[in-house]
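Q: just a sequence and a predicted model for now, questions to come.
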Amino acid sequence: MRWINFIRSLRLTGMPISKIKEYIDLYELGDETFLQRKEMMMQHKLEVQNKINENLKHLEVISYKVAMYELQERKDTQKI
């Protein structure tokens with residue numbers, strides 16, 4: 001049950017199954033892989049942050065598009 005919870009917690013971070021397997025393999029090798037596991041988590045954090053930044057850019061463009069539609073809608077309403 002401990003392993004299931006451990007795997008589930010890694011999945012909640014958005015880590016792919018292949019990386020979880022790699023992480024678990026390192027974990028099973030013991031404390032000498034501590035720095036490798038830390039590096040994996042730091043790399044994963046960076047990847048997640050990059051995805052967040054990319055999604056924020058997408059959201060900004062979408063918000064601009066919606067604002068343009070709303071502006072056009074107001075102009076059309078004023079013509080009536």
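A: Great, that's in hand.
Q: going forward, measure contacts between C-alpha atoms and count neighbours the same way
A: OK.
Q: what number of residues lie near the nearest residue to T33 once chain neighbours are set aside?
A: Nearest residue to T33 in three dimensions, chain neighbours excluded: L26, at 5.8 Å (C-alpha to C-alpha, 6 or more residues apart in numbering). Using other C-alpha atoms under 10 Å, L26 has 16 other residues around it.
Q: find the helix or strand that L26 is a member of.
A: Applying DSSP states H and E as the criterion places L26 in helix 17-29.
Q: ditto for T13
A: T13 belongs to no helix or strand, assigned by DSSP H and E.
Q: got it, and I52?
A: I52 belongs to helix 34-79, assigned by DSSP H and E.
Q: angle of that helix against helix 17-29?
A: 150 degrees (axes from the mean of the first three to the mean of the last three C-alpha atoms, to 10 degrees).
Q: off-centre distance for helix 34-79?
A: Distance, stretch centre to chain centre, for helix 34-79: 11 Å (C-alpha atoms, centre = their mean, to the nearest Å).
Q: which elements pack onto that helix?
A: Counting contacts by 3 or more C-alpha pairs under 8 Å, 6 or more residues apart in numbering; DSSP states H and E, helix 34-79 packs against helix 17-29.
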